[in-house]
Each structure stands twice: as C-alpha cells, then as structure tokens.
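*Asks:* Can you look at this prediction? I've put the sequence above it.
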Amino acid sequence: MSDMPFAPGQRWLTIIGIGEDGPAGLGDEAKRLIAAAPVVFGGKRHHELAAGLITGKRLAWESPFETSIEAVVALRGSPVVVLGSGDPFLYGIGATLSRRIGAEEMHAIPAPSSFSLAAARLGWPLQETATVSLHGRPLDLIRPHLHHGRRIIVLTSDGETPAQLAELLRVTGFGESRMHVLEALGGDRERQRSGRADRLDLGEIDPLNVCAIEIVAGEGARTFAFTPGLDDALFEHDGQITKQEIRAITLAALGPRHGELLWDIGAGSGSIGIEWMLADPSLRTVAIEQSSERAARIARNAVSFGVPGLAIVEGTAPEALANLPEPDAVFVGGGGSEEGVLEAALHALKRGGRLVANAVTLEMESLLFSLQRQHGGTLTRIEIARAAPLGGMTGWRPAMPVTQWRYIKK
C-alpha cells in the first residue's frame, strides 16, 4: 500500500490503534503511515501519545462527534490517518466509521484492546469472560450479566465509574464479588487494586481504567435466569402483569430473533417487552401504555432489569401506534378488545412478522376467534392451576384461563 496519492476506491483511510505505551507499541508500518499522513484525526490523548511521529495537520474530535465523522468522510480519496484506543473496532472509532465507509476503503492496524490487556494481566481466558462496555452507556447494562461464578470485564467511562459499579453490586446482592480495577493499562502509570466490591478503596482512580469482576451472589441476590418466564416477584407491578408461566409461553410464541423490534401494546408492567430484550442485546421494544403511573413503573422495571433502552410511548392504541417504527413482532395484552387496535397492529406488522394476543375476557376471546377465522393462525387455550391450602389440606386453585392467538403475517 502506497502512502500517497490515493485513487478513488483505494484504501485511503488508515485506522491505527495506539496504546498507553505510545510509539513503543507500534509496528514500523503504523509509524511510517502516521509520519506520512497529511491529516491525523484523534483525541487529545492520542495526539499526545503519537506527538513524536505526526508531521501533518492534527485534527481533534469535535462536539457533536458526528461533525468530525463528516470531516473524515469529506476527505474521501485523500490519505487520512485516524488514531484510536487499542482495538478501534471494539466499541471504538473504527466501528463508528465503518457505518459510513466501506472496508475496501480502509486499512486497519489494531492494538490490543483493554479487554485483552485486562484478561492477560489476570490470566482469564477471554473467550470464557463476559465483556461489557459502559463507556458513555448506562451502568444498568451490567445487570443481566450478574450470575454467580461469572467473570466480567467492564470498560468504564471515568474514574468515578468503579465506585458506582461497586455500589450497584452491593445493592443488588453481589457485594462479596471480587473486583479488580486496572488503571492506565500498558503504560508507565499502570496500576491494579483488588478486593471485595463492598470494601475496596476506590478513591483517586485514573480516568483510564477497566474493572474486572468475579461475581459472588449473596443471599437474595437479584439474578435473572436465561430462560423466559422470570419470577413475577422480580417485577414491580400492580397486578397488571402477564403471569410467569403465561409469559414464558408468550415469549416462545413471539420467537425473538436478532435485531428485531417488538411492540408491546397495553404493556402494564412491561414484563413481556423486558424479557424480549433480555433474550439478546440486539433486540428492541416499544411499550405502549395509556396509564402514566404504569408507564413510569415500566421505566423503573426496565432499569432494574438492565434494559434501560426500552422505549415507552404513553398513549392509547390505536392512536399511539401512529408513526412508530415498523415492528417485527407484536404482543397485545391489555386493551386489545378496543376498536381498531388489533387491526392497526396487523396492518403495521412486517411480512413474516409474528403477532401474539392473549385474552382473558369473553369479549377479547370472541374477537380473537373472529380474527383467526378471517386471517388464520392458531388458537390455544392455556390453563394453569397452583397448589394452595384447602382447609387443613391442599388443593388446586385454577388461574383464569388464557386464550392465545398466534399469527404470522403472509
């Protein structure tokens, strides 16, 4: 690859990962390309690390960040170097630029990521360790990963994040977990401190840090099973919740797949939409709820389950469905018998999308029977009974039966 000039279609953009050791950690090719580049983009720290190599114009990232991305794209065809931290394609600038620039136009030279360096320092097999980025993202995203015996490496935002993370572990019943804070990995200032999350001194931490956690679940720790149908008691609710067994059956019928969007109409406590998102980080939910009190409760539940990105639309269907992004799946719980709700949901649903509606009233059941005759799909009767005291003995106490319509749009 020649340094310059670049003809259209050639690899004009070079993305180089640089560590805390600066030029000492770079290979000859990376050093040569940085020195030859007429323009070098990067953060202030990156420019300082590579200061002895840069001969061209230094351009720092601006706010809003998209302005700088546009500046890079505007130089298409001319030689440009972009500096990033560690592996630029792991939650880094390379991942951002790849949304606008094709791989055929790029040449990437990654350095070890913070995750790789932390795993190497601790002797943890990276393929057996959960990796989570909380850099500029909600701390609650770690909640689904909190399982006894699990190892997690967390990319943080600043020197305050480790203390915030330790407090979250404490209040959710994981305070006994062993926590490692690794600062300025790969450089002269590298330092590590370790101890119980609820006892570790977390003052004066370098803003460049990674937290590694060996999870220990205490009594009453808030852990979420991998299978659908979480315990009702984990949710804050006012009784308006799809019960555990019915929820498991409903989620199986909805069949979440990578990257899909669910509409949860009449969301109540938000349990269906929350468990949909817990199935995979790529999944999204829009919860539609007419009650302000319940909408606020859904938001609290979403945070407590580690899916704070769940979107909430406060309003009444079908009017509240207007202008929402097209769903891959729809669940209709509360309010499904209201005029026009199911018709609007069916119209909005993508081809091949799934609609699941549950009925506990005769009115809703009659509507589902009519829709099944008109459109097809399957009707299922679900009856659950639980053992309960009966005088001095035990008997079965049946819950209200649920009629479920499953439909795949042709």
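*Replies:* Looks like it came in fine. Numbering: from 1, shown residues only.

*Asks:* Output the below-cut-off pLDDT ranges for the stretch 101-250 of the chain.
*Replies:* By pLDDT under 70, the stretch 101-250 of the chain has no low-scoring segment.

*Asks:* who touches whichever strand or helix holds Val210?
*Replies:* Using DSSP states H and E, the element containing Val210 is strand 209-214. Contacts to strand 209-214, defined as C-beta atoms under 8 Å, 6 or more residues apart in numbering, come from residues 114-115, 117-118, 122, 124, 151-156, 159, 161-162, 165, 169, 177-185, 197. Yep, even glycine has a C-beta here, placed from its N, CA and C like the rest.

*Asks:* Same question for stretch 381-401.
*Replies:* Contacts of stretch 381-401 (C-beta under 8 Å, 6+ apart): 243, 245-246, 249, 360, 402-404.

*Asks:* again, only this time at 6 Å
*Replies:* 245, 360, 402-403 (C-beta atoms under 6 Å, 6 or more residues apart in numbering).

*Asks:* would you list those in JSON lines and tack on distance to Pro23 and neighbour count?
*Replies:* Compiled in JSON lines, those are given as follows (distance: C-beta to C-beta, whole Å; neighbours: other C-beta atoms under 10 Å):
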{"residue": "Glu245", "distance to Pro23": "61", "neighbour count": "15"}
{"residue": "Val360", "distance to Pro23": "68", "neighbour count": "14"}
{"residue": "Val402", "distance to Pro23": "65", "neighbour count": "20"}
{"residue": "Thr403", "distance to Pro23": "69", "neighbour count": "20"}
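
*Asks:* Which parts of the stretch 151-300 of the chain are strands?
*Replies:* With DSSP state E, counting those that start in this stretch as the criterion, the stretch 151-300 of the chain has strands at 151-155, 178-183, 191-196, 209-214, 261-265, 284-289.

*Asks:* For Gly306, which of the ones you listed is the nearest?
*Replies:* If you check each of these against Gly306 by C-beta to C-beta, strand 151-155 wins as the nearest, at 12.4 Å.

*Asks:* what is the orientation angle of the closest one with strand 209-214?
*Replies:* Here strand 151-155 points in a direction 170 degrees away from that of strand 209-214 (axes from the mean of the first three to the mean of the last three C-alpha atoms, to 10 degrees).

*Asks:* Each with direction, which strands does strand 151-155 pair with?
*Replies:* strand 130-133 (parallel), strand 209-214 (antiparallel) (DSSP bridges).

*Asks:* ok now the last one, how far from the chain's centre?
*Replies:* Same thing as strand 209-214. Strand 209-214 sits 19 Å away from the centroid of its parent chain (C-alpha atoms, centre = their mean, to the nearest Å).

*Asks:* returning to that earlier point: which entries within the contacts of strand 209-214 meet the buried criterion?
*Replies:* 114-115, 117-118, 122, 124, 151-156, 159, 161-162, 165, 169, 177, 179-185, 197 (16 or more other C-beta atoms under 10 Å).

*Asks:* Pull out the buried positions in stretch 84-95.
*Replies:* For stretch 84-95, by 16+ other C-beta under 10 Å, it's 84-94.

*Asks:* Next up, phi/psi of the residue nearest to Ser269 when sequence neighbours are not counted, please.
*Replies:* Counting by C-beta to C-beta, 6 or more residues apart in numbering, Ser269 lies nearest to His237, which is 3.8 Å off, once chain neighbours are set aside. Torsion angles at His237 (phi, psi; degrees, to the nearest 10) stand at phi -160, psi 170.

*Asks:* Run a quick neighbour tally on His237.
*Replies:* 18 (other C-beta atoms under 10 Å).

*Asks:* Ala267 versus that one, what's the distance?
*Replies:* 11 Å (C-beta to C-beta, to the nearest Å).

*Asks:* Ok, Arg381 next?
*Replies:* In terms of C-beta to C-beta, Arg381 sits 24 Å off from Ala267.

*Asks:* more neighbours, those two?
*Replies:* Ala267 (33 against 9).

*Asks:* wait, that one sits on Glu289?
*Replies:* Yes. Using C-beta atoms under 6 Å, Ala267 makes contact with Glu289 at a distance of 4.6 Å.

*Asks:* one step back: where does confidence bottom out across the contacts of stretch 381-401?
*Replies:* Across these, the smallest pLDDT goes to Val360, namely 93.

*Asks:* neighbours of the residue nearest to that one when sequence neighbours are not counted, just the number please.
*Replies:* Of all residues not flanking Val360 in the chain, Met400 sits nearest, at 5.0 Å (C-beta to C-beta, 6+ apart). Neighbours of Met400 under the rule other C-beta under 10 Å: 10.

*Asks:* Met400 looks like it's in a helix, true?
*Replies:* No. Judged by DSSP: H, G, I helix; E, B strand; the rest coil, Met400 forms no part of a helix; its state is coil.

*Asks:* how close does it sit to Thr242?
*Replies:* 12 Å.

*Asks:* Check Pro23 too.
*Replies:* From Pro23 over to Thr242 (counting by C-beta to C-beta), the distance is 58 Å.

*Asks:* Can you pick out the residue with more neighbours from the two?
*Replies:* It is Thr242, of Pro23 and Thr242, that has more neighbours when counted by other C-beta under 10 Å, with 27 against 14.

*Asks:* how about the more buried one, what does it touch?
*Replies:* Counting by C-beta under 6 Å, 6+ apart, Thr242 has contacts 271-272, 333.

*Asks:* Next: Leu53.
*Replies:* Leu53 neighbours (C-beta under 6 Å, 6+ apart): 23, 31, 34-35.

*Asks:* from those, which is closest to Leu342?
*Replies:* Ile34 (60.0 Å).

*Asks:* Go ahead and flag the most central residue of the protein.
*Replies:* Among the residues of the chain, the one closest to the centroid is Pro281, at 4.2 Å (C-alpha atoms, centre = their mean).

*Asks:* ok, that residue to Pro256 distance?
*Replies:* 12 Å.

*Asks:* which residues touch stretch 221-232?
*Replies:* So stretch 221-232 is in contact with 144, 147, 172-174, 244, 247-248, 251, 275, going by C-beta under 6 Å, 6+ apart.

*Asks:* what about 8 Å?
*Replies:* Residues contacting stretch 221-232 (C-beta under 8 Å, 6+ apart): 143-144, 146-148, 172-174, 217, 234, 241, 243-245, 247-248, 251-252, 271, 275, 278-279, 304-306.
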